[in-house]
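S.K.: any chance you can model this:
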Amino acid sequence: MTTALWSPTAAGDLKLQHRLVMAPMTRSRATPEGVPTELTATYYAQRASLGLLVTEGTQPSPDGQGYLLTPGIHTPDQVAGWRRVSDAVHAAGGHLFLQLMHVGRISHPTNTPHGRQPVAPSAVAPAGLMFTASGPQPMPVPRALSVPEIQATVEDFRLAAAAAIEAGVDGVEIHAANGYLVHQFLSDNANQRTDEYGGSTTGRIRFAVEVAEAVADQIGAARTGIRIAPGNPFNDIAESSAGEVYRALLSALAPLDLAYLHLVHGGDEALARALRAAWPGTVVLNRGGADITTRAADIETGLADLVSVGGMALANPDLPERLRTGAPLNTPDRATFYGGDHRGYTDYPRLETS
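M.R.: Okay, here's the model as predicted:
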């Protein structure tokens with residue numbers, strides 16, 4: 001049963017018709033200058049019937065880019081590109097939050113506009129390979145950010161949030177998950193600092209809190225969301241005390257009264273419920289791999305207020321209609337997830353053409 005999905009709700013100031021959210025998904029189809037295209041606008045507008053769309057990760061600065069052809073929100077051309085996307089989504093009746101993603105050490109110099117060494121909390125190289133124009137390459141040892149550089153990075157998030165609002169989006173989501181920069185500060189292995197941005201739990205959460213405060217101060221808390229993935233080892237992250245760190249983080253963030261917390265369920269049911277209990281506001285839950293009935297049950301039990309879906313939304317531009325009517329779903333084509341043209345991007349059939 002999916003009945004719980006279809007009641008109206010709110011996220012910040014947005015009144016949403018139902019509780020199904022499109023999760024952020026990297027698609028790597030921006031121009032080499034990080035500008036979203038007309039095809040990007042079509043892709044998001046096609047999916048406007050979801051209650052809320054969260055865009056793919058978008059770099060707030062040149063240092064924030066890690067992958068090929070990801071969009072940015074720090075140049076006038078990028079702002080104009082996102083304006084095209086937000087106008088298209090709004091014209092189709094949808095709502096759009098832009099995700100701010102600084103990748104930190106998950107990068108390679110050849111994928112960035114300036115070709116510089118990646119930055120991170122500490123000079124610790126992540127395991128794994130990065131796909132570049134010349135093929136997969138090891139990710140290099142990053143350069144540890146100085147305290148003034150950390151503060152400048154917080155300012156980058158603030159300016160990027162302002163630029164996103166200038167581009168017409170309804171809000172921004174801070175990406176503090178999946179092993180990227182904010183998550184790196186929260187972790188044990190990527191953050192080996194001994195100053196005020198490392199060491200203790202208070203030190204580890206400081207950067208995330210400062211980013212959230214800066215963004216909320218700039219565009220309003222009701223237009224600011226944050227995504228976390230406690231205990232998620234993706235991108236070579238280790239967190240030995242996730243419960244302690246994330247309870248402290250939520251305690252520090254709760255007074256900001258953000259639009260929502262986007263919680264990635266990593267399989268630890270007790271931790272997910274503890275964090276739900278610790279968050280007084282709206283929770284968007286992403287339970288990756290679960291069927292839609294299980295996700296709807298998370299709303300019924302109070303674990304979530306909204307649920308986000310990835311592959312289902314990617315492959316089904318009319319997902320709400322399909323779920324309401326019990327129609328079959330298109331299957332995502334993994335071969336076309338990243339890069340390329342309209343194939344696997346804007347050509348998934350709608351119900352009437354399936």
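
S.K.: which element is R83 on?
M.R.: When elements are assigned from DSSP states H and E, R83 belongs to helix 76-91.

S.K.: OK, contacts around the closest residue to A160 other than its chain neighbours?
M.R.: Nearest residue to A160 in three dimensions, chain neighbours excluded: P60, at 3.3 Å (Cβ to Cβ, 6 or more residues apart in numbering). For every residue, glycine as well, the C-beta is placed using N, CA and C. P60 sits next to 72-74, 100-102, 156-157, 159-160 when contact means Cβ atoms under 8 Å, 6 or more residues apart in numbering.

S.K.: next: Q17.
M.R.: 8, 51.

S.K.: for L53, see how far away it is.
M.R.: 13 Å (Cβ to Cβ, to the nearest Å).

S.K.: re the thing from before, ok, and the most crowded of the contacts of P60?
M.R.: The most crowded member of the contacts of P60, judged by other Cβ atoms under 10 Å, is M101 (32 neighbours).

S.K.: how about that residue, nearest residue that isn't a chain neighbour?
M.R.: That would be G57: by Cβ to Cβ, 6+ apart, it lies 2.9 Å from M101.

S.K.: and the one you found, how far is that from N178?
M.R.: Taking Cβ to Cβ, one finds G57 at 8 Å from N178.

S.K.: more neighbours: these two, which one.
M.R.: More neighbours surround G57 than the other of G57 and N178, with 26 against 21 (other Cβ under 10 Å).

S.K.: shaky segments in the stretch 251-354 of the chain?
M.R.: 353-354 (pLDDT under 70).

S.K.: quick check: L253 touching V215?
M.R.: No. Applying Cβ atoms under 8 Å as the test, L253 and V215 come out as separate, 11.3 Å apart.

S.K.: identify the residues contacting G171.
M.R.: 12, 14, 97-98, 219, 222-225, 259.

S.K.: now, those that are in helices?
M.R.: I219 (DSSP state H).

S.K.: hmm, which of the contacts of G171 are the buried ones?
M.R.: Buried residues within the contacts of G171, counting neighbours by 16 or more other Cβ atoms under 10 Å: 12, 14, 97-98, 219, 222-225, 259.

S.K.: quick one on the thing from earlier: just flag the most distant two among the contacts of P60.
M.R.: Maximum pairwise distance in these, criterion Cβ to Cβ, is 15.0 Å, between M101 and L159.
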